[in-house]
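Asks: Just need the structure, nothing else, for what follows:
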Amino acid sequence: MNRRIIYEKELNPSQLEAVRFNRGPLLVIAGAGSGKTRTLTYRVARLVDEGVPPGSILLLTFTRKSAQEMLKRAARLLDSRCQNVSGGTFHSFAYAVLRRYAFEVGFENGFSIIDRSDAEDLIGMLRKEFMGPSTHGALPRKQTLTNIFSRAANKNLSVEEIVENDYPHFFRYMELIHTLSKAYRKQKIEHRFMDYDDLLIYLKMLLNEHPDIRDKTCSTYQYLMVDEYQDTNKIQADIVYLLSGKHRNIMVVGDDSQSIYAFRGANFENIMRFPDIFPETRIIRLEENYRSTEPILKLTNVIIDRATRKYSKILFTRKTGGTPPLLIEAQSENRQSRFLIEKVLGIHRSGVPLNQIAVLFRASFHSFDLEIELNREGIPFIKVGGGKFIESAHIKDILAHLKVIFNPYDRISWYRILLLLDHIGPKTALDIYERISALNSGCAGFVHSSFKTSRSQGLDTLKRLFSDIDAEPMSVARLGEAVVRYYLPILRKKYDDHPKRSRDLEHLVVMMERYEQLESFLTDMALEPPNTSQNDAVFSDTSNDERLVLSTVHSAKGLEWHTVFIIWALDGRFPSIHAVHDEKDLEEELRLMYVAATRARENLFFTYPVQIYDRISGMVLNRPCRFIDNIPDDILPKLSDSDL
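Replies: Alright, predicted model coming up:
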């Protein structure tokens with residue numbers, strides 16, 4: 001038996017307007033913390049409540065879990081009929097339709113779905129077939145090729161454009177990469193495979209080229225709702241348009257201010273152009289925020305007002321009072337970490353659980369110094385997004401060289417650095433190590449010894465590295481620079497994303513500058529490192545359920561905490577120095593800062609270190625992030641860490 005829902009009592013005026021909207025296209029601009037999920041849930045319940053058959057409602061989301069949760073909530077509001085609404089992801093919907101009509105898009109005998117791992121393996125087999133002596137080891141690896149082909153599909157761009165924009169160092173192999181792309185498509189057709197991207201591509205083809213099937217599908221789904229519309233790619237937006245059919249009963253919900261996934265193929269223009277594609281669109285703005293205090297919203301409104309293209313909205317709240325956010329200048333990265341730890345401990349002592357405090361950052365390696373200090377203080381934490389900096393293979397490679405310099409009889413580290421070299425296998429590495437150990441002469445013995453293998457030029461280069469280091473005393477940072485300089489050619493051969501990884505190495509060298517002894521640096525690197533991985537999360541202490549949250553901003557979207565610290569709010573780091581010359585990239589970085597700031601309920605802190613030398617630009621970075629610079633002190637007070 002369904003219960004009577006008093007919509008006027010349970011929804012604010014804007015939510016109620018969206019829930020009661022009946023026919024035609026509707027764009028709901030849902031500000032951060034404004035009850036987007038609640039609005040979608042109540043609209044599903046309202047449609048079913050008023051007699052719309054559940055099977056004629058289609059709810060498309062980005063995760064199966066979110067669709068299931070909305071329909072469960074709707075069922076609790078009304079009755080079990082809401083569970084019969086068609087809800088799921090774009091990909092699951094595409095699969096359901098294509099199973100019925102696969103023969104219409106060239107798959108007469110059906111098809112099988114291959115997952116990401118299967119796609120990589122197939123591309124890897126083709127790569128081996130096409131790779132000749134001149135390209136041995138130079139072509140992108142199978143994982144990178146899969147990324148390239150997938151991005152091209154999701155962004156509706158050519159493979160050439162993706163390589164030129166994202167992997168320019170591989171552009172000289174463009175002809176071969178293009179040939180591999182065609183071979184991959186051919187193999188999938190011959191073996192009746194579809195990868196995840198194909199599901200969307202073939203659904204769009206089916207709806208485009210077969211009006212009868214499109215009309216039948218559209219008549220089945222009289223009401224279409226799409227969540228997180230700002231995260232759709234070009235193909236998904238085209239599918240939405242085709243599915244809307246003649247009835248045009250389409251409701252899309254999203255926030256242009258939270259469009260931050262361009263690297264995954266999300267197209268910011270989809271939400272901006274929606275009223276152009278559907279000229280009769282009603283636009284409803286959800287502006288009442290149920291998350292943050294008034295001072296935090298004052299600041300976030302100022303931040304997003306700096307966007308060039310946006311749907312204007314001003315978030316407000318009934319949560320009056322609260323303290324203004326703070327911008328803290330720290331004299332170094334380590335001072336930033338020490339300030340944050342003192343503040344976290346103080347807030348925790350006031351009664352806020354550690355898991356209600358989050359530290360957010362633009363890039364994963366920005367938390368590196370903080371992780372060391374948290375381990376030193378015994379503060380448990382969980383890190384989400386981007387993986388563990390210290391456990392990255394390229395960081396481990398550098399540390400292995402430094403460990404050998406400090407302890408020339410470190411067998412594990414010798415193995416690691418020797419196996420990086422061409423024509424050095426496990427047996428040769430063992431022979432070399434045993435010779436060093438027998439001579440008992442450390443790196444000097446390695447430098448002056450001859451070994452059976454003569455094919456490895458890398459062995460001579462490694463000898464030169466150790467010889468140069470032995471020739472003169474070096475500071476810890478100069479040691480790091482020397483090792484990184486030696487390692488960069490290996491990095492370029494070993495990793496397709498070497499430009500990104502090289503920035504990690506630069507940051508490692510910056511970290512080394514505050515150490516006077518190599519032993520102290522290596523000890524800190526080994527000090528109680530996080531040791532348990534779970535998906536993209538890393539835990540520092542598995543025995544404690546209450547942990548401080550460290551997260552990239554991308555991984556924090558959709559979440560909220562009592563207190564939020566945004567670290568490295570330094571111009572050139574956030575926004576990234578690579579984004580400042582591209583208008584679209586800079587706009588997305590602004591939205592990323594807005595997403596970070598709107599995660600906070602009660603307390604919000606921005607911190608940035610000064611006197612940071614950027615090796616790429618040759619500049620010393622000193623200014624706070626341009627998105628929060630020059631904001632009046634009554635909205636964002638500025639302090640130095642020495643003032644606190």
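Asks: For this protein, which helix extends over the most residues?
Replies: Taking DSSP state H as the criterion, the chain has its longest helix at helix 476-494.
Asks: what's next to that one, contact-wise?
Replies: For helix 476-494, the external contacting residues (CB atoms under 8 Å, 6 or more residues apart in numbering) are 137, 169, 394, 397-398, 401-402, 405, 420-421, 458, 461-462, 465, 468-469, 474, 498, 501-502, 505-506, 508-509, 512-513, 515-518, 521. Just so you know, the C-beta spots here come from the backbone N, C-alpha and C atoms, and that holds for glycine as well.
Asks: show me what contacts the closest residue to Ala237 other than its chain neighbours?
Replies: Excluding the flanking residues, the one nearest Ala237 by CB to CB, 6 or more residues apart in numbering is Asn270, at 4.3 Å. Taking CB under 8 Å, 6+ apart, we find Asn270 in contact with 229-230, 232-234, 236-237.
Asks: Looking at those residues, which one is closest to Thr281?
Replies: Distance to Thr281 across those (CB to CB) is lowest for Tyr229, with 12.0 Å.
Asks: Next, count neighbours for that closest one.
Replies: Per other CB atoms under 10 Å, the neighbour tally for Tyr229 reads 27.
Asks: and if you look at Gln222?
Replies: By other CB under 10 Å, neighbour count at Gln222 equals 17.
Asks: doesn't Ser56 make contact with it?
Replies: Yes - applying CB atoms under 8 Å, one finds Gln222 in contact with Ser56, separated by 4.3 Å.
Asks: Filter the contacts of helix 476-494 down to the buried ones.
Replies: For these, a burial check counting by 16 or more other CB atoms under 10 Å picks out 394, 397-398, 401-402, 405, 420-421, 458, 462, 465, 469, 474, 498, 501-502, 505-506, 508-509, 512, 515, 518, 521.
Asks: ok so, going back, from the contacts of helix 476-494, which ones fall inside helices?
Replies: Using DSSP H, the contacts of helix 476-494 in helices are 394, 397-398, 401-402, 405, 458, 461-462, 465, 468-469, 498, 501-502, 505-506, 508-509, 512, 518, 521.
Asks: follow-up on the earlier one: any idea which helix or strand carries the residue nearest to Ala237?
Replies: Element membership of Asn270 [criterion: DSSP states H and E] is helix 269-277.
Asks: isn't Arg335 right next to Gln611, touching?
Replies: No - with contacts counted by CB under 8 Å, Arg335 stays clear of Gln611, the gap being 10.7 Å.
Asks: ok, those two, which is more surrounded?
Replies: Under the criterion of other CB under 10 Å, the comparison of Arg335 against Gln611 puts Arg335 first, with 19 against 10.
Asks: Quickly find the element holding Arg335.
Replies: Arg335 belongs to helix 333-349 when assigned by DSSP H and E.
Asks: packing partners for that helix?
Replies: Counting contacts by 3 or more CB pairs under 8 Å, 6 or more residues apart in numbering; DSSP states H and E, helix 333-349 packs against strand 326-330, strand 357-361, helix 368-377, strand 561-566, strand 600-609.
Asks: Including mean neighbour count, could those go into a markdown table?
Replies: Shown next, in a markdown table, are the helices and strands packed on helix 333-349 (neighbours: other CB atoms under 10 Å):
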| stretch | mean neighbour count |
| --- | --- |
| strand 326-330 | 22 |
| strand 357-361 | 26 |
| helix 368-377 | 20 |
| strand 561-566 | 24 |
| strand 600-609 | 24 |
